[in-house]
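heads up, no residue letters with this:
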């Protein structure tokens, strides 16, 4: 009997060894490699120069029928593809085009499903797909990031809900500062949204996703040394509510995360693997997105916009009562026209409150008059719209205001990323493109490549932007956050952060103020953000009154482009500092910021040749005590390196004209 058991054990071991197959796929430069294992469980790992940064991690997808792709998978074949080497047009992103190069492999399994892997020089991505016909439901997806050690992670927890009550956490605005800690020490009962970073020692690993069409967004929570994925379930019952009755609140959910019908490809799961500078430079979210569905993008006009809400319509020295009325918006239009600012936005308040009906305009506003007034002065009008007011009658709304001459919408308060909501943003983008309107999605998740598929989506929020300083206590560390998001949130695409404050405060002087809000950090820090942050539709948050009082700063901001021919991350470290250089034509704009630690930065511009006229804004000698203090230097620059001192919370903004 004992011999029989030993023989059976040996046969099982041999059978298992024969059944288990491994496939290796390396990056084009050979430094990054994933080993895919097909055994009882489908897994993959990641090594960088032979050192493991991601331990074998299971991937799976479970259907409500009980089928579970990735568990005891039956491999049909593995197809290794040629190295992809191409350029992708990116008209409103970081450069005119992005180089896309990777090695790929697709594993096809019995049961009509596949997994495709791509390995880039700076990351590894995979996605499920299926040729299945008819209707079916995805019950859950098994996403795991297992690490060889208990590394330190930097994560944004959802800013809503109770610990362990997942349903209450799925309804959130995707705005929060970052929490740092060992993976095992993170709150296992609270979800984090993407992107997030794990410091794997030899490299940083930034986890993100792309192509959230017809599928819910991904969250991660800690489980030992592992991060485990979760998705919002499909809504079963919703009701109108939330902010000013403009949201649809999920009251009951299904027992699955996605309804599908026919063949499908699912979102890319992305692990960007690089140093700090490489993470901030990565464009994998854009590279992995679906190509543009807009054949002619010539009508899409990015630009800057004068914004009313942050400064509380707080203008002075005028003969009329400031507020939500035509006189105030004509003043904003005149200001925008004077400085060459392309747009003025009418934020919340122009439509009758609590009606969720964009056709009901308050009597103090004559929209057609404002559109015509702006058009005569070269300024376009953009309208804020609450989600439900926009979605309930979307085509009529878009057509009506497009016919009026409105240029775009800022749609707000989605505050979910379940399948219904991710479908909405694609439908909204497509419909707006039909009527030649652009979109800024506020109150929503990260873009996840949406800006490539629909280039008329110029901006998305999903960031703890400057609006937070209208109410946040002085314990809120916005300056540190500014030095984190280029390596985290911005990796997923453009951000509606809304910089440009002219009232600037040191750490000890800052306090929240709704009607006269201020930034944390120096004036030069605020100017630098126009170069550091990706934002094709970029707001000037402060009051025209403040801007006209600060003409030097305003003229500089007004002349900074919002789209670029080239972008370079010159230096940086997560949560400490960053230096970014961007080119538009022959002109370079370079911005640098620091956290609350003063720094002497060496700015290496040796890649430039020839002579340039330099226009430099930097921290003044007293900006550590009065944050609005700055120095402007206009000189000639003949290449090489520059040494610039940054005050606590400081920065610099440099324009180089050939």
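Everything's here; your move. What you are looking at is a predicted structure, and each value in this text was computed from that prediction instead of being measured.

which residues in the stretch 201-350 of the chain form strands?
For the stretch 201-350 of the chain, the strands defined by DSSP state E, counting those that start in this stretch occupy 204-210, 218-223, 226-231, 235-241, 247-253, 258-261, 264-265, 268-274, 303-306, 343-346.

could I get those strands as TSV with mean neighbour count and distance to residue 39?
All C-beta atoms are positioned from the backbone trio N, CA, C, and that covers glycine. Listed next are the strands of the stretch 201-350 of the chain as TSV, based on neighbours: other Cβ atoms under 10 Å; distance: least, Cβ to Cβ, whole Å:
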stretch	mean neighbour count	distance to residue 39
strand 204-210	26	24
strand 218-223	21	21
strand 226-231	20	18
strand 235-241	13	37
strand 247-253	17	34
strand 258-261	17	27
strand 264-265	17	25
strand 268-274	25	20
strand 303-306	26	54
strand 343-346	25	55
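
mind putting these in TSV, mean pLDDT and distance to residue 602 included?
Compiled in TSV, the strands of the stretch 201-350 of the chain are given as follows (pLDDT from 0 to 100; distance: least, Cβ to Cβ, whole Å):
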stretch	mean pLDDT	distance to residue 602
strand 204-210	98	22
strand 218-223	98	36
strand 226-231	98	36
strand 235-241	98	52
strand 247-253	98	48
strand 258-261	98	50
strand 264-265	98	45
strand 268-274	98	21
strand 303-306	98	30
strand 343-346	98	37
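
can you redo the ones you listed as CSV with distance to residue 115?
Putting the strands of the stretch 201-350 of the chain into CSV (distance: least, Cβ to Cβ, whole Å) gives the following:
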stretch, distance to residue 115
strand 204-210, 15
strand 218-223, 16
strand 226-231, 15
strand 235-241, 28
strand 247-253, 27
strand 258-261, 16
strand 264-265, 11
strand 268-274, 10
strand 303-306, 42
strand 343-346, 43
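
out of those, nearest to residue 621?
strand 303-306 (30.4 Å; Cβ to Cβ).

what does the closest one rub up against?
With contacts defined as Cβ atoms under 8 Å, 6 or more residues apart in numbering, strand 303-306 is touched by 332, 335-336, 341-345, 382, 537-540, 544, 557-558, 560, 562.

what do you get if the cut-off is 7 Å, keeping everything else the same?
Contact partners of strand 303-306, identified using Cβ atoms under 7 Å, 6 or more residues apart in numbering, comprise 332, 335-336, 341-345, 382, 537-540, 544, 558, 562.

Among the residues you listed, which one sits closest to residue 160?
residue 539 (24.9 Å).

I'd guessed the closest one sits against residue 501; true?
No. Using Cβ atoms under 7 Å, residue 539 is not in contact with residue 501; the gap is 11.1 Å.

Determine the three-state secondary structure at residue 397.
Following DSSP: H, G, I helix; E, B strand; the rest coil, residue 397 is assigned to helix.

pLDDT wise, what is the residue lying closest to it once chain neighbours are set aside at?
Distance criterion Cβ to Cβ, 6 or more residues apart in numbering; nearest residue to residue 397, sequence neighbours excluded, is residue 358 at 5.3 Å. With respect to pLDDT, residue 358 has a value of 98.

residue contacts, residue 358?
351, 385, 389-390, 397.

returning to what we had before: closest to residue 616 out of the strands of the stretch 201-350 of the chain?
Taking those one by one with Cβ to Cβ, strand 303-306 is closest: 21.1 Å.

Tell me the strands beside the closest one, with direction?
strand 343-346 (parallel), strand 537-540 (parallel) (DSSP bridges).

that older thread, among the strands of the stretch 201-350 of the chain, which is nearest residue 284?
strand 268-274 (5.5 Å).

now the closest one and strand 218-223, what's the angle there?
60 degrees (axes from the mean of the first three to the mean of the last three Cα atoms, to 10 degrees).

List the strands paired with strand 268-274, with their directions.
When DSSP bridges is applied, strand 268-274 pairs with strand 123-130 (antiparallel), strand 204-210 (antiparallel).

Those strands into CSV, with extra columns for distance to residue 254?
Conversion of the strands paired with strand 268-274 to CSV gives the following (distance: least, Cβ to Cβ, whole Å):
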stretch, distance to residue 254
strand 123-130, 20
strand 204-210, 22
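
which phi and psi does the closest residue to residue 47 other than its chain neighbours have?
Distance criterion Cβ to Cβ, 6+ apart; nearest residue to residue 47, sequence neighbours excluded, is residue 33 at 5.0 Å. Backbone geometry at residue 33, expressed as degrees, to the nearest 10, gives phi -140, psi 140.

Distance of residue 33 relative to residue 273?
For residue 33, the distance to residue 273 equals 10 Å [Cβ to Cβ, to the nearest Å].

How about residue 201?
The value you get for residue 201 to residue 273, if Cβ to Cβ is used, is 12 Å.

Residue 418: which of the strands paired with strand 268-274 is closest?
That would be, of the strands paired with strand 268-274 and by Cβ to Cβ, strand 204-210, which comes in at 14.6 Å.

what's the angle between that closest one and strand 226-231?
10 degrees.

Show me how far strand 204-210 is from its chain's centre.
12 Å (Cα atoms, centre = their mean, to the nearest Å).

what's the answer for stretch 23-32, then?
28 Å.

Run through the helices of the stretch 301-450 of the chain in chain order.
326-339, 367-376, 387-391, 394-404, 419-434, 450-453 (DSSP state H, counting those that start in this stretch).

Can you tell me which of those helices is nearest to residue 101?
Of these, nearest to residue 101 by Cβ to Cβ is helix 450-453, at 16.7 Å.

Quick one: name whatever helix or strand follows the closest one.
Counting by DSSP states H and E, the next helix or strand C-terminal to helix 450-453 is strand 457-460.

Looking at that next one now, give me its mean pLDDT.
Mean predicted lDDT for strand 457-460 stands at 98.

same for that strand, what does it pack against?
Applying 3 or more Cβ pairs under 7 Å, 6 or more residues apart in numbering; DSSP states H and E, we find strand 457-460 packed against strand 438-441.

what helices or strands is the strand it packs on leaning on?
With contacts taken as 3+ Cβ pairs under 7 Å, 6+ apart, strand 438-441 sits against strand 408-412, helix 419-434, strand 457-460.

Pipe the ones you listed into CSV and attach mean neighbour count per row.
Converted to CSV, these look like this (neighbours: other Cβ atoms under 10 Å):
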stretch, mean neighbour count
strand 408-412, 26
helix 419-434, 20
strand 457-460, 27
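
Do you know the pLDDT at residue 19?
The predicted structure lists residue 19 with a pLDDT of 72.

now it, nearest residue through space, not along the chain?
residue 39 (6.8 Å).
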